[in-house]
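J.: need a structure here:
(2 chains)
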Amino acid sequence: MSFIYSLRISAAGMSAQRRRLNVIASNLANQQTTRTPAGGPYRRQDVVFQVQPLIEDKDVQELESFKNKPEESDLMSVKVVDVITDSRPLVMKYEPEHPDADSQGYVAYPNVNPIEEMVNMLSASRSYEANLTMLKTAKEMANKTIEVLKI
Amino acid sequence: MTVNGLFDNTTKLLIKVMSLRSAKADIIAGNLANIDTPGYKARKVDFEQQLQKVVGILPENGLPLTRTDKRHLPLNGDLTDVRAVVSERQNDLAGFDGNTVDLDQEMAALAENKINYLATVEMLRKKLAMLKNAIVEGGK
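T.: Reported below is the predicted structural model:
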């Protein structure tokens, strides 16, 4: 019996969602950015989530794996493994007076769609809350168990 | 009351249930953490039926316990065989990314598991309090 695992998994989930939220904030802040250190306009970024099996001590576990492979864990944590750049086309706007306009007078603006980012933001926020609820629950269960010692 | 050492079968059962429910919480935590992971398949944990089976059988050696009420628990050592079976949750509509975690289902499972766990702990507290009462009052 251990609450360390659920606490760790929830913390990993919260951390991943927080990272996602940071990337969304960066996308929203750079909606109109036409200059980047790498040159050219800002491009939308997105996070890649990946399952991270948690290695645990099998002796203390009550779980029976459906995979029948003892070396594989049933406890699944999560991790942001990569931040990718969106390859969708940039938004071209005709602004001949803009310093970054090309020879035809078009300015390449970032491929950030604010509506899409807002939806992602809400999704990240909700997922964060779900993980937080799990964390609180695990903490409450652990605290209640410790109370047994007070008898 | 059957007493094996200091603790009776009910206490053992309560401890086992706490252990199983804590394992279930770990699996729910994994589902919630992977709610946005593409291709992740939601998992569920089953042990209730197994537990009922174990609780419902008579001891193999020794005299069977007389049960004056069918709700009394004729427990034996088989309790250790009860394990939380992890499986993939079936019949879920996968999203565009193949993820089958249903937030509402998970939150409901989380709440149910927590309530049951806390109730079990409370029962254990009561059992231990009774034991302490017997010890303290006996010394007076």
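
J.: pick out the residue nearest the middle of chain B.
T.: Closest to where the C-alpha atoms of chain B average out (C-alpha atoms, centre = their mean) is B:Val17, at 2.9 Å.

J.: so that one sits in a helix?
T.: Yes. Counting by DSSP: H, G, I helix; E, B strand; the rest coil, B:Val17 is located in a helix.

J.: so it makes contact with B:Leu118?
T.: No. With contact defined as C-beta atoms under 8 Å, B:Val17 does not count as touching B:Leu118 (11.6 Å). All C-beta spots, glycine's among them, are computed from the backbone N, C-alpha and C.

J.: just to revisit the earlier point, do you know the pLDDT at the residue nearest to the centre of chain B?
T.: According to the prediction, B:Val17 has pLDDT 90.

J.: let me see the ranges of the strands in chain A.
T.: Ranges of strands in chain A, per DSSP state E, are A:45-53, A:63-64, A:76-85, A:91-94, A:106-109.

J.: which of those sits most buried?
T.: strand A:63-64 (a mean of 20; mean count of other C-beta atoms under 10 Å in any protein chain shown).

J.: quick check: mean pLDDT of that one?
T.: For strand A:63-64, the mean confidence score works out to 66.

J.: cool, stretch B:34-49 as well?
T.: 89.

J.: was I right to think A:Val83 contacts A:Val23?
T.: Yes. Using C-beta under 8 Å, A:Val83 is in contact with A:Val23, at 6.2 Å.

J.: any idea which helix or strand in chain B has the lowest mean pLDDT?
T.: Lowest on mean pLDDT, DSSP states H and E among the helices and strands of chain B sits helix B:48-55, with a mean of 77.

J.: check which helices and strands that helix is in contact with.
T.: helix B:9-33 (3 or more C-beta pairs under 8 Å, 6 or more residues apart in numbering or on different chains; DSSP states H and E).

J.: change it to 10 Å
T.: helix B:9-33, strand B:84-88 (3 or more C-beta pairs under 10 Å, 6 or more residues apart in numbering or on different chains; DSSP states H and E).

J.: deepest of the ones you listed, which one?
T.: Of the helices and strands packed on helix B:48-55, helix B:9-33 is the most buried (mean count of other C-beta under 10 Å), at a mean of 24.

J.: quick check, that helix touching chain A?
T.: Yes. Residues of helix B:9-33 contacting chain A under C-beta under 10 Å from any C-beta of the partner chain: B:15-16, B:18-33.

J.: ok, then the element right after that helix?
T.: strand B:43-46 (DSSP states H and E).

J.: buried sites along that following strand?
T.: B:43-45 (16 or more other C-beta atoms under 10 Å in any protein chain shown).

J.: right, I'll call it a day here.
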